[in-house]
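Student: Generate a structure from the sequence data that follows.
(chains A, B, C and D)
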Number of protein chains: 2
Amino acid sequence: MIRLMIIDDHPLVAGGIAMMLKDEPGLLIAENVTTAAEALFYLSENTPDIILLDLNLPDMDGMRLCGEIRKTNSVSRIIALTSTNESSIIAQFLKFGGNGYLLKNMEREELLSAVSQVLKGKIYLSTAAGEKLLEQFTGVDAAIGAVPVLTRREKEVLTLLDKGLTGPQIAENLFISHYTVETHRKNLMQKLNVNNLQQLLRISREYRLLG
Amino acid sequence: MIRLMIIDDHPLVAGGIAMMLKDEPGLLIAENVTTAAEALFYLSENTPDIILLDLNLPDMDGMRLCGEIRKTNSVSRIIALTSTNESSIIAQFLKFGGNGYLLKNMEREELLSAVSQVLKGKIYLSTAAGEKLLEQFTGVDAAIGAVPVLTRREKEVLTLLDKGLTGPQIAENLFISHYTVETHRKNLMQKLNVNNLQQLLRISREYRLLG
DNA sequence: CTAAAAATACCTGAATGGAGGTAGTGCATC
DNA sequence: GATGCACTACCTCCATTCAGGTATTTTTAG
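Tutor: Predicted coordinates for the structure are as follows:
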């Protein structure tokens, strides 16, 4: 019997998965939690065969949770669930010890196929996701997974920039000189390798550096 | 027997809803389609009591579909389903003849409550959604639901702006003068009542004017 | 056909953004 | 106690954006 665990705060998703699997005799949904904290607690005493992990959890980034799980558990196969296809996330997720990536618009067959693939030790990527990843590989080395680390201050500035504030306005807001704001912005642009604000915000969203 | 119809391209969602309702004797999922075209076809010959409508359909904007449905059917209660809480959408959806608004992270109880409310002729708004709507009402008249109509060219410019191109670059791209691009941008900013590019793109996303 | 809407082009001046620096201070870790 | 990092601040120069116009030509709809 294959024991399956679902980590997702959407009852709808958990229900949908249960529905998809209800006629599969070999599969059992062993546990169903809605937060990272609950997940870690359960996993401290259990080892499911498959973990379906929503990347958008309320209390912790799914990516980090995957890393946390891997510190003590290297046997469960972890499959990420997301609603949008964010290609830059995939490689990162795999680096954190993930085994597969599914989009929430999947069909029943895709779910079953993903489960059987990862159990065989293979990596399963949702079709659309896989294509996007390949696109990246074909373009140079592309520095995949190299998600830049931002400092506290940089994140603050980034958030305010995203809200549509101008440099001087941010300066007022943070009680610093507008020169300093420009420096932070410059560093951000350099770290993310872009050359204007729109691209900065675009990439930031992709890398989940913004709420 | 209350007949329910689901319009959603995510099998997961349909399955989840089925799961939530499976122990409700008075409710029956009469039909389950994944595209606007199928929906209109089914509705040309049937009149379910409740329609659960995903606002993010592949072939048509859910908002417009709601309007289409209302041209020939004014009795079915239509409840919108979305994953993100976009407050500016709600009032618009109600104007198009919608009866309720549910977030996909709802609990079973919320779904049941929404169904019973709209059947009584009331408007049901997902708690979080309702609060946001109230926020808007408290701020002046706020011109809710007055979603600006953009011209073809304005949309093109908007899309390119979102991609991070500068004015001059867009000019090259569209084979027009950069002055013209600026004019379009100015008109866009005026229509959406903002005063810089970041805010323009932000609002545009909220109003679903961008892919 | 005609009026309205959309698309086009142009101008100016002030403000902001972007690329390129330099440099001091505090803090941690090594 | 030195090296590195984060944060801070400042400067210049040029490109772009923004706010305020005006105005002609195409489309579109009635």
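
Student: okay, CA-based contacts and neighbour counts for the rest of this
Tutor: Fine.

Student: In stretch A:65-75, which of the residues would be classed as buried?
Tutor: Within stretch A:65-75, the residues that qualify as buried by neighbour count (16 or more other CA atoms under 10 Å in any protein chain shown) are A:Leu65, A:Cys66, A:Gly67, A:Ile69, A:Arg70, A:Asn73.

Student: Contact partners for A:Val118?
Tutor: Applying CA atoms under 8 Å, 6 or more residues apart in numbering or on different chains to A:Val118 gives the contacts A:Arg77, A:Asn99, A:Gly100, A:Tyr124.

Student: Same question for A:Leu165.
Tutor: Residues in contact with A:Leu165 (CA under 8 Å, 6+ apart) are B:Gln198.

Student: nearest to DNA strand C, of the buried residues of stretch A:65-75?
Tutor: Out of those, the one with the shortest distance to DNA strand C is A:Gly67. That distance is 21.2 Å, counting by CA to the nearest atom of the strand.

Student: after the helix or strand harbouring A:Thr159, next one along is what?
Tutor: When secondary structure is defined by DSSP states H and E, A:Thr159 falls within helix A:152-162. Secondary structure here is assigned by DSSP H and E; on that basis, the next helix or strand after helix A:152-162 toward the C-terminus is helix A:167-174.

Student: how about that following helix against chain B, any contact?
Tutor: No. Helix A:167-174 does not reach chain B (CA under 8 Å from any CA of the partner chain); its nearest approach is 11.9 Å.

Student: What ranges does chain A have for its strands?
Tutor: Assigned by DSSP state E, the strands in chain A fall at A:2-7, A:27-33, A:50-54, A:77-82, A:100-103, A:124-125.

Student: Low-confidence regions, chain A specifically.
Tutor: Applying pLDDT under 70 to chain A picks out residues A:85-88, A:127-147, A:211.

Student: and the top helix by length along it with chain B, contact?
Tutor: Within chain A, and with DSSP state H defining each element, the longest helix by residue count is helix A:178-191. No. If you take CA under 8 Å from any CA as the test, helix A:178-191 misses chain B, and the best it gets is 13.0 Å.

Student: Need the residues that contact that helix.
Tutor: A:148, A:150, A:153-154, A:157-158, A:167-168, A:170-172, A:195-197, A:200.

Student: What parts of chain A come near chain B?
Tutor: Applying CA under 8 Å from any CA, we find that chain A lies next to chain B at A:9-20, A:104-108, A:161-165, A:196-199.

Student: one step back: buried subset of the contacts of A:Val118?
Tutor: The neighbour-count test (16+ other CA under 10 Å) marks A:Arg77, A:Asn99, A:Gly100, A:Tyr124 as buried among the contacts of A:Val118.

Student: Name the residue of chain A that lies nearest to chain B.
Tutor: Checking chain A residue by residue against chain B with CA to the nearest CA singles out A:Gly16 as nearest, at 3.7 Å.

Student: how deep is that residue tucked in, by neighbour count?
Tutor: Counted by other CA atoms under 10 Å in any protein chain shown, the residues lying close to A:Gly16 total 25.

Student: quick revisit: with distance to B:Glu31 as added columns, please give the contacts of A:Val118 in JSON lines.
Tutor: Formatted as JSON lines, the contacts of A:Val118 follow (distance: CA to CA, whole Å):
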{"residue": "A:Arg77", "distance to B:Glu31": "35"}
{"residue": "A:Asn99", "distance to B:Glu31": "35"}
{"residue": "A:Gly100", "distance to B:Glu31": "32"}
{"residue": "A:Tyr124", "distance to B:Glu31": "32"}
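
Student: Looking at these, which is nearest DNA strand D?
Tutor: When the contacts of A:Val118 are ranked by distance to DNA strand D (CA to the nearest atom of the strand), A:Asn99 comes first, at 29.9 Å.

Student: Quick check, the closest one in contact with A:Leu81.
Tutor: No. Applying CA atoms under 8 Å as the test, A:Asn99 and A:Leu81 come out as separate, 11.5 Å apart.

Student: Got a quick PyMOL command for the buried subset of the residues of chain A next to chain B?
Tutor: This is the PyMOL syntax for the buried subset of these, where burial follows 16+ other CA under 10 Å:
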select buried, chain A and resi 9+10+11+12+13+14+15+16+17+18+19+20+104+105+106+108+161+162+164+165+197+198+199
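
Student: picking up where we left off before, distance-wise, check the residue of chain A closest to chain B relative to B:Met19.
Tutor: Applying CA to CA, to the nearest Å, one obtains 7 Å for the distance of A:Gly16 from B:Met19.

Student: go on, A:Gly97?
Tutor: To B:Met19, A:Gly97 is 32 Å away according to CA to CA.

Student: A:Val118 now?
Tutor: In this structure, A:Val118 and B:Met19 are 26 Å apart, going by CA to CA.

Student: and chain A, which residues reach DNA strand C?
Tutor: Counting by CA under 7 Å from any atom of the strand, the residues of chain A lying close to DNA strand C are A:Leu165, A:Thr166, A:Gly167, A:Pro168, A:Glu182, A:Thr183, A:Lys186, A:Met189, A:Asn195, A:Asn196, A:Leu197, A:Gln198.

Student: ok, which pair from those is furthest apart?
Tutor: Taking CA to CA as the measure, the residues of chain A next to DNA strand C span a maximum distance of 19.5 Å, between A:Pro168 and A:Asn195.

Student: Settle it for me: which of these two has more neighbours?
Tutor: In terms of neighbours (other CA under 10 Å), A:Pro168 is the more surrounded of A:Pro168 and A:Asn195; the figures are 15 against 12.

Student: What is the burial count for the closest residue to A:Ser177 other than its chain neighbours?
Tutor: For A:Ser177, ignoring the flanking residues on the chain, the nearest one in space by CA to CA, 6 or more residues apart in numbering or on different chains is A:Ala171 at 5.5 Å. For A:Ala171, the neighbour count with other CA under 10 Å is 18.

Student: Would you enumerate the residues in contact with A:Ala171?
Tutor: By CA under 8 Å, 6+ apart, the residues touching A:Ala171 are A:Ser177, A:His178, A:Thr180, A:Val181.

Student: any chance of those in TSV, plus neighbour count?
Tutor: Formatted as TSV, the entries for these read as follows, by neighbours: other CA atoms under 10 Å in any protein chain shown:
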residue	neighbour count
A:Ser177	14
A:His178	17
A:Thr180	14
A:Val181	23
